[in-house]
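Novice: predicted model, plus sequence, below.
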Amino acid sequence: MTDNNYDNLNKSIHKQFSNASNTLDNWASLSSILMKGISRIEKTLYALKTTDSLLTEISKTNTALSETDLLSLATNAFTTSSAYGTKANDYLSGVLKMMQEGYQTAEGLARLSSALQNAGNMSAALADQYIITADKAYGLNGNINEMTRILDGSNSIALNHTIQLSELAEAMSTLGSRAVESGLSVRETISALAAVAETTNLTGREAADAFGNILSNLRQITDADRGITSEGLQQYEEACRALGVSLTETKDGIASLREPMAILEDLSIQYHALGSGDSKFSDLFGASGSFEEATTLDTLLKNWNLYKTMLAEYENSSNSLTQTAVKIADSWEDSLTRLSNAWNQTIADLTDSDTIMTEIKGLNNLSDAVQNVTEALGSCGTFPSSKNLGRVKGQPSVK
């Protein structure tokens, strides 16, 4: 055999090995793609099973809902969650939670919860709890406009400062009825909690506890669990009186306690006039109870103008929450969530048959469910059906 023949043979062998290697690479690549696709379908089927379970629970909670109503609810779940970059099942969980709480406006509150979750980067559970706590504390009875106002105000404050909306939600959920019982409006409560959390190292829950104790002292309410005694309350009142600030007022011959925020404003005026080092303020802080509460009171009086600024920000906050949620939903991460919702809805549309839905609900035969879904996708050109699985360009299909 001549040298040229050897060269030609080597080139031929090399080409065959190269072709074989490319074929194996194609098989490996296709196999990886198919396995990822099947895994994605499996996850979607589990998600749809959860969707079905939630819709079933919703129908049990509100027996007046028809099949058409439930279908509309499912569609709204995908639409709303995609708009805000959240998950459809979280939306349905919110609807169920609100229904179980007795709200007639469950869907509207769930939509607000979805917006709150994304705008505040918080869990569905915390968002739902914030809404429920605020609603019950201030007797809103599920009024969507009033709740929107509260959430817009909260978000506006968070946007203008370092405090996180999730921290404010945690604080409000913790303080709740204590603020209402002390006579605070919702805007005063949220602004005060925000001012405390903004200027201290306290978490939302800690800020709520500390501010709640300040309210108890101002309202002269004993609380053994929090160490607020009648003796301590008397010392607190005397310390305020020494600063020229009274906890009570007389109207029409009737003595009553003054509004807490009015008292704090008077104390802040004295604070800036005398300075925190004045012995009279030392007595007040000493009567506050815990070191944490004394520090919180000191910080709040020092930053009283911040509180007033936050009040104004709360008032000027129209449509703040929705705008923030939609803007964040345009991010890369939330775009993936929207894509996931769209994919799940596509699978849901394709699985609208008795055979597939039975398999999804039971998930006892997941492989058959995946098989049926992939064939359905293949029929509309979205995904290769099983008869074409493993096919490589230029090679016959697997029989």
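Specialist: Okay, I see it. Numbers count the residues shown, from 1 in each chain.
Novice: residue contacts, residue 304?
Specialist: Applying Cβ atoms under 8 Å, 6 or more residues apart in numbering to residue 304 gives the contacts 264-265, 268, 271-272. C-betas here are computed from N, CA, C, even on glycine.
Novice: tell me which of the residues you listed fall in helices.
Specialist: If you go by DSSP state H, the contacts of residue 304 have 264-265, 268, 271-272 in helices.
Novice: ok, these vs residue 283, which is closest?
Specialist: residue 271 (13.3 Å; Cβ to Cβ).
Novice: with adjacent residues omitted, what lies nearest to that closest one?
Specialist: Among residues not flanking residue 271 along the chain, residue 301 sits closest, at 4.2 Å (Cβ to Cβ, 6 or more residues apart in numbering).
Novice: if I look at that neighbour, how far off is residue 309?
Specialist: Using Cβ to Cβ, to the nearest Å, residue 301 is found at 15 Å from residue 309.
Novice: which of the two has more neighbours?
Specialist: residue 301 (21 against 17; other Cβ atoms under 10 Å).
Novice: follow-up on the earlier one: against residue 152, how distant is the residue nearest to residue 271?
Specialist: Taken as Cβ to Cβ, the span from residue 301 to residue 152 is 28 Å.
Novice: tell me the contacts of residue 219?
Specialist: 181-183, 257, 260.
Novice: pLDDT at it, what is it?
Specialist: Note on residue 219: pLDDT of 96.
Novice: about what we covered before: mind putting the ones in helices among the contacts of residue 304 in JSON lines, distance to residue 281, pLDDT and neighbour count included?
Specialist: Converted to JSON lines, the ones in helices among the contacts of residue 304 look like this (distance: Cβ to Cβ, whole Å; pLDDT from 0 to 100; neighbours: other Cβ atoms under 10 Å):
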{"residue": "264", "distance to residue 281": "13", "pLDDT": "98", "neighbour count": "22"}
{"residue": "265", "distance to residue 281": "15", "pLDDT": "98", "neighbour count": "15"}
{"residue": "268", "distance to residue 281": "11", "pLDDT": "97", "neighbour count": "19"}
{"residue": "271", "distance to residue 281": "7", "pLDDT": "96", "neighbour count": "21"}
{"residue": "272", "distance to residue 281": "11", "pLDDT": "95", "neighbour count": "13"}
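Novice: nearest to residue 239 among these?
Specialist: When these are compared against residue 239 (criterion: Cβ to Cβ), the nearest one is residue 271, at 12.6 Å.
Novice: in the stretch 1-150 of the chain, which spans are helices?
Specialist: 3-61, 67-84, 88-100, 106-120, 124-137, 144-160 (DSSP state H, counting those that start in this stretch).
Novice: mean pLDDT lowest where, among those helices?
Specialist: Across the helices of the stretch 1-150 of the chain, helix 3-61 has the smallest mean pLDDT, namely a mean of 59.
Novice: from residue 274, how far out is residue 318?
Specialist: Residue 318 is 40 Å from residue 274, by Cβ to Cβ.
Novice: among the contacts of residue 219, name the ones in strands.
Specialist: residue 257 (DSSP state E).
Novice: format the contacts of residue 219 as TSV; extra columns: distance to residue 244, neighbour count and pLDDT.
Specialist: What follows is those, written out as TSV (distance: Cβ to Cβ, whole Å; neighbours: other Cβ atoms under 10 Å; pLDDT from 0 to 100):
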residue	distance to residue 244	neighbour count	pLDDT
181	27	13	93
182	22	22	94
183	22	16	94
257	17	16	95
260	17	22	97
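Novice: ok, of the contacts of residue 219, which one's closest to residue 243?
Specialist: Scanning these for proximity to residue 243, where the rule is Cβ to Cβ, the winner is residue 260, at 15.5 Å.
Novice: leaving out sequence neighbours, find the closest residue to that closest one.
Specialist: Nearest residue to residue 260 in three dimensions, chain neighbours excluded: residue 218, at 4.4 Å (Cβ to Cβ, 6+ apart).
Novice: got a list of what the one you found touches?
Specialist: With Cβ under 8 Å, 6+ apart, residue 218 has these contacts: 182, 247, 257, 260, 263-264.
Novice: 10 Å - rerun?
Specialist: Applying Cβ atoms under 10 Å, 6 or more residues apart in numbering to residue 218 gives the contacts 182-183, 233, 236-237, 240, 247, 257-264, 267, 297.
Novice: equivalent analysis for residue 282, please.
Specialist: Residue 282 makes contact with 239, 276, 294 under the criterion Cβ under 10 Å, 6+ apart.
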